[in-house]
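Q: Return atomic coordinates for the entry below.
(2 chains)
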There are 2 protein chains.
Amino acid sequence: MAKTVGLLGGGVIGGGWAARFVLNGIDVRVFDPDPEAPRKLDEVLANARRAFGRLTLAPLPAEGAVTFVGSAEEAAEGVGLVQESAPERLDLKRSLLQAASRAAAPDTLLCSSTSGLLPTELQRGLSGPGRFVVAHPFNPVYLLPLVELCGGVETSGETISRAGNEYRELGMHPLVVRTEIDGFIADRLLEAMWREALWLVNDDVATVAEVDDAMRYGAGLRFALMGTFLTYRIAGGEAGMRHFLAQFGPALQWPWTKLTDVPELTDELVDKIAAQSDAQADGLSVRELEQLRDDCLVALLQGLRGQSYAGGDTLAAWERGLLDGREGETGPLTRRVPAEWVDYNGHVHEARYLQLFGDATDALLGTIGVDGAYLAHGTYMTAETHLSHLGQLHAGDEVTVTTQVLGADEKRLHVFHTIWLDDTAAATAEQMLLHVDASTGRVGPAAPEIQERVVALAGDHASQPRPERAGRRIGG
Amino acid sequence: MAKTVGLLGGGVIGGGWAARFVLNGIDVRVFDPDPEAPRKLDEVLANARRAFGRLTLAPLPAEGAVTFVGSAEEAAEGVGLVQESAPERLDLKRSLLQAASRAAAPDTLLCSSTSGLLPTELQRGLSGPGRFVVAHPFNPVYLLPLVELCGGVETSGETISRAGNEYRELGMHPLVVRTEIDGFIADRLLEAMWREALWLVNDDVATVAEVDDAMRYGAGLRFALMGTFLTYRIAGGEAGMRHFLAQFGPALQWPWTKLTDVPELTDELVDKIAAQSDAQADGLSVRELEQLRDDCLVALLQGLRGQSYAGGDTLAAWERGLLDGREGETGPLTRRVPAEWVDYNGHVHEARYLQLFGDATDALLGTIGVDGAYLAHGTYMTAETHLSHLGQLHAGDEVTVTTQVLGADEKRLHVFHTIWLDDTAAATAEQMLLHVDASTGRVGPAAPEIQERVVALAGDHASQPRPERAGRRIGG
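A: Below you'll find the predicted structure:
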């Protein structure tokens, strides 16, 4: 992976790239003539930092550094990859890329975030045009996995595969667009929908909020996991895709959509859309909307990760990469409270607290050698638990669970767990575990080496003050 | 809410409606001339039952009954609502609806699932056309919240509001389409995208899998929470929607999309799409794809519920409704232990025992009037729990949970639950619950009528012997 990246442009897209690179431990050199660029980029980075904190439990590398520089040449000096994210004007993008191409080392990748300009046009006149490729991301760049890769006539195959690897290591899903075409793939689909949406508002069929609701409460939920074709394959029922095409194909000829033309963006239409959009935002600032969007995207990606599917798989692959080479590390159990633990009333269900305590017990058992192999001989099972709820957890909270061994003998293991949110105890659990022999299913002594370790732990922990809530009974 | 519903058609959409109604405790009378209809409907219902089991911890009502009948008239007799989901042919839909309209009571709602036919056309010739409305759902009907409501010229305002309430109680999000238009709102957007997708495949720009990936790894994730307009408002950055339109408006004039025409569904194109679709499905059957889709949708809806946004809000509102109206219900809680509660070691995880006890507490709270409406004032939260494990549960066990109220005052509720497997106690939980005021988030007195009921219950239960394990502490 590149250790330093040059960014041409630091706006919504360039700032999103900066965040994705920096949070993956890569330094960025940014050229953006806008005097407000550093402030704006800081704000995007703050959002991204917040989102990444919720997104993963995997250990993130130390953040890369952000350096603002005075020219495209300076941004490209000594970097492994240049990412251009300037406004969508061919002449502007070309001049920035050409300047960068002359200053960069010969093997530096040159990438453009353009959403529609053709790579063959953009690479003309570059020093080393073969290393140029369009790498088109989606907002927010630091969370959405997709990056479309599209080469021009001079782009080498090696460039596309090198770029794919770079973006994959950043937690993205590179999609190679094999045919050079205006708008690539995704924006052709979005553009078609956007035109139709504008007509619906222009003709007063629906407001912008109604158009949006028609998507997000329905088909939009499916689009987070499956595209149109797989969705329609399923809709075809047992007979599949061919049946679907036969059944719904003719409907394509109906004059449903007004696609032959583009509504003119008159002052009137712009005013209407802007006013309806203000009403829809309901007083939320762009920053607040961004955070709402990010929190939802994090929850969606985590949900899909639980199903090992679509964007969730991309997330899991990235996390496994972050965990590589960290085996054998110790320390207290930390967890981020996942969104699905929250119930209809906005609270984390009480059973989830016990799940956290159970995980802490599992972690303790792992350290004393009750592992997959030992399960054939026996295990510890909970006989009794006393839970105290002292505060509330919320989705996204990062908690730490500490464990004190209060006592142990040949069969028993007496522990006291505390869930900490910052420095405050949110809940405690006192548990009595009994060792159960796997062959008889009855309580029986643990293996000698296990007994030794639990007794030693109890001895070590005896110097800690006894928890105030240990030995509590419920008063009535 | 209607207690019985008549369904005309029991295919993919009709079966999905059957599942949503039945799992909400409503009986359905189904007319479908397909001899395979009962088998197909059973399969959809099995999928839906599986999805609902994962979707919510709220208590589902007893399932409604499914009865197959021999005619549209029979399906409409004595029902509160008729839902027509026949193939998209005007003559067929009309004749079914007309037959049903003559057999139904005068106040029975008549609804059509059509995705594109106009309500004014469909309601012509009905007996009581004012009670007809299009109610267009999205597949899978039992999980996706959206239902578009569109009336014809004869439809009364009362019909639209009554229908909205019916669907809302089923956990759906009714969107009133104010202008009668072919394709309503959602399908106009989807149709525009679908045409463009067909062109991309027809012209060999991309395969069906690549088109789908361009959506689901990128903008598709956003569509699960926000539509196009709100997304673009955010993309406009600090300057908002007006800036976005000024910046990207001109790009609309670029000849990106091939929207002026529809690709002809030649045998060649159908073969190409079907073959690519088979490759994309990678050997998964439609049933397997449906379950994968459902599991992902459940995870997405739960993630959004954690953020109190979009479809997650619809889910939470439905769950609160399930908790309503359970006042005065008695009898112990019974549950079958689901297979997914079993861990890698073949045991039911200890947290699942607490989930069962939590359900029993919820059931108790329902009977004393702490329902969805009361949650706005306050609720009881668990302060302390003492669990004792006396036996083991296994997947498929049917258990009963009994509850004894040991004490109560203005703020406190002291209960003792026992999980019974046949006549043997498998586990017990003593719990101290405290009443929390919703406005302050602090412990405070329950409403007087709630106090009265808990004190009365404690009095009633005082005659039962005090459980042996009440007041236990963990010895060490």
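Q: what ranges of the stretch 201-350 of chain A fall below the confidence cut-off?
A: Scanning the stretch 201-350 of chain A for pLDDT under 70 picks out A:237-240, A:247-263, A:265, A:323-332, A:338-340, A:344-345.
Q: Could you pull out the helices in it for me?
A: Under the criterion DSSP state H, counting those that start in this stretch, the stretch 201-350 of chain A contains helices at A:208-214, A:220-223, A:228-235, A:240-248, A:267-281, A:286-306, A:311-323, A:350-367.
Q: Tabulate those (TSV), appending distance to chain B and mean neighbour count.
A: C-beta: built from backbone N, CA, C; applies to glycine. As requested, the helices of the stretch 201-350 of chain A are exported to TSV (distance: least, C-beta to the nearest C-beta, whole Å; neighbours: other C-beta atoms under 10 Å in any protein chain shown):
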stretch	distance to chain B	mean neighbour count
helix A:208-214	3	24
helix A:220-223	3	28
helix A:228-235	4	23
helix A:240-248	4	18
helix A:267-281	4	16
helix A:286-306	3	22
helix A:311-323	6	18
helix A:350-367	4	20
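Q: Out of these, which gets nearest to B:Glu154?
A: Nearest to B:Glu154, of all the helices of the stretch 201-350 of chain A, is helix A:208-214, at 23.0 Å by C-beta to C-beta.
Q: Tell me how far the closest one lies from the chain's centre.
A: Put simply, helix A:208-214 sits 26 Å off its chain's centre (C-alpha atoms, centre = their mean, to the nearest Å).
Q: re earlier: wait, which of the helices of the stretch 201-350 of chain A is closest to A:Tyr142?
A: Nearest to A:Tyr142 among those is helix A:286-306; the distance by C-beta to C-beta comes to 8.5 Å.
Q: elements contacting that closest one?
A: If you count contacts as 3 or more C-beta pairs under 8 Å, 6 or more residues apart in numbering or on different chains; DSSP states H and E, helix A:286-306 packs onto helix A:37-55, helix A:311-323, helix B:220-223, helix B:228-235, helix B:286-306.
Q: Tell me which helix or strand A:Met193 sits in.
A: Take DSSP states H and E as the rule and A:Met193 turns out to sit in helix A:186-202.
Q: angle of that helix against helix B:186-202?
A: 150 degrees (axes from the mean of the first three to the mean of the last three C-alpha atoms, to 10 degrees).
Q: now for helix A:186-202, which elements pack on it?
A: Judged by 3+ C-beta pairs under 8 Å, 6+ apart, helix A:186-202 is in contact with helix A:208-214, helix A:267-281, helix B:186-202, helix B:208-214, helix B:228-235.
Q: With respect to B:Phe138, which of those helices lies nearest?
A: Across those, closest to B:Phe138 is helix B:186-202 (C-beta to C-beta), at 7.2 Å.
Q: any idea how chain A splits into domains?
A: Using automatic domain parsing, the domain parsing of chain A gives A:4-186, A:195-306, A:333-461.
Q: sorry, back to before: out of the helices of the stretch 201-350 of chain A, nearest to B:Arg287?
A: Of those, the one closest to B:Arg287 (C-beta to C-beta) turns out to be helix A:228-235, at 9.7 Å.
Q: just to revisit the earlier point, turn the helices and strands packed on helix A:286-306 into JSON lines, columns for distance to B:Leu118.
A: Formatted as JSON lines, those follow (distance: least, C-beta to C-beta, whole Å):
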{"stretch": "helix A:37-55", "distance to B:Leu118": "44"}
{"stretch": "helix A:311-323", "distance to B:Leu118": "38"}
{"stretch": "helix B:220-223", "distance to B:Leu118": "27"}
{"stretch": "helix B:228-235", "distance to B:Leu118": "25"}
{"stretch": "helix B:286-306", "distance to B:Leu118": "30"}
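Q: And those helices: which comes nearest A:Pro145?
A: helix A:311-323 (4.3 Å).
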